[in-house]
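Enquirer: Would you be able to build a 3D model of this:
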Amino acid sequence: MPSRELPPPPPPAHLREWLDESVVRADRARFLAELSRRGLGLRRLALLWAVAAAFALGCAFAGLAVASFEAGDAVRSLFGVVYAAFGLGVLVPAGIWFVRGARRERHEHELLCAWVGAGREAVADPALHAPVRRLVWLAASLALGACGLWVAFAAAAGSRPGVTAYGQVFGLVGIGMILWITGLLGAAKAATHHRWTARAGRPAPAPAGRRALNDLAA
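Expert: Alright, predicted model coming up:
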């Protein structure tokens with residue numbers, strides 16, 4: 001399957017009754033493992049951090065612009081306009097990139113939930129649970145979030161009225177908050193992956209009608 005192509009959604013329930021159950025079961029396990037690999041891969045973590053780095057760069061340019069305007073000098077104000085333009089030039093593409101990634105993540109999660117609900121048997125594929133990749137996501141995200149909080153609080157606590165420029169504080173606090181939010185997003189993704197893999201690892205209860213038939217047969 002091409003790297004940019006997502007697995008298809010599962011066939012409707014009324015069509016699955018006419019399909020070979022072993023084929024549906026094999027497709028379910030294969031597509032769940034593929035979606036797990038895509039969603040929790042190191043490449044996806046690198047993309048998330050790249051978007052965060054773009055936002056941090058744009059915030060740094062915004063801080064430089066505020067500091068330049070704060071100086072009140074005509075030349076510095078001209079530099080402030082340039083910094084503001086660079087900041088917008090970085091933040092706007094980063095925002096578009098983030099929105100597209102969020103939409104793709106939502107679509108992948110909908111496919112995951114659909115394929116988990118497409119069968120009643122548990123999926124025991126180790127590639128689906130990905131404990132190592134999930135731990136890497138969680139540890140890296142927690143470390144990044146802690147670093148972001150430290151940068152934000154250190155910049156706010158170390159500022160001195162009349163000594164520290166507002167633009168410097170604005171830039172550092174903004175960068176720290178971006179790192180913190182990125183860490184929260186990564187940790188939430190690892191936790192969400194753990195929840196749905198636990199759901200996929202449990203067999204779903206049989207429908208009420210089938211349970212009644214089983215009880216009668218017993």
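Enquirer: I figured residue 48 hits residue 184, correct?
Expert: No. Residue 48 is beyond contact range of residue 184, at 11.3 Å (criterion: CB atoms under 8 Å). All C-beta atoms are positioned from the backbone trio N, CA, C, and that covers glycine.
Enquirer: more neighbours, those two?
Expert: residue 48 (22 against 15; other CB atoms under 10 Å).
Enquirer: tell me the contacts of residue 197?
Expert: By CB atoms under 8 Å, 6 or more residues apart in numbering, the contact set of residue 197 is 36, 128, 129, 130.
Enquirer: which one of these has the most neighbours?
Expert: Counting neighbours by other CB under 10 Å, the top entry in those is residue 36, with 24 neighbours.
Enquirer: Name the residues of whichever strand or helix holds that residue that are buried.
Expert: Using DSSP states H and E, residue 36 sits within helix 21-39. Burial within helix 21-39, assessed by neighbour count using 16 or more other CB atoms under 10 Å, is assigned to 24, 27, 28, 29, 31, 32, 33, 34, 35, 36, 38, 39.
Enquirer: need the residues you listed in JSON lines with pLDDT and distance to residue 71, can you?
Expert: Listed next are the buried residues of helix 21-39 as JSON lines, based on pLDDT from 0 to 100; distance: CB to CB, whole Å:
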{"residue": "24", "pLDDT": "78", "distance to residue 71": "67"}
{"residue": "27", "pLDDT": "82", "distance to residue 71": "63"}
{"residue": "28", "pLDDT": "81", "distance to residue 71": "62"}
{"residue": "29", "pLDDT": "79", "distance to residue 71": "62"}
{"residue": "31", "pLDDT": "85", "distance to residue 71": "58"}
{"residue": "32", "pLDDT": "82", "distance to residue 71": "57"}
{"residue": "33", "pLDDT": "80", "distance to residue 71": "57"}
{"residue": "34", "pLDDT": "84", "distance to residue 71": "54"}
{"residue": "35", "pLDDT": "83", "distance to residue 71": "52"}
{"residue": "36", "pLDDT": "80", "distance to residue 71": "52"}
{"residue": "38", "pLDDT": "83", "distance to residue 71": "48"}
{"residue": "39", "pLDDT": "82", "distance to residue 71": "47"}
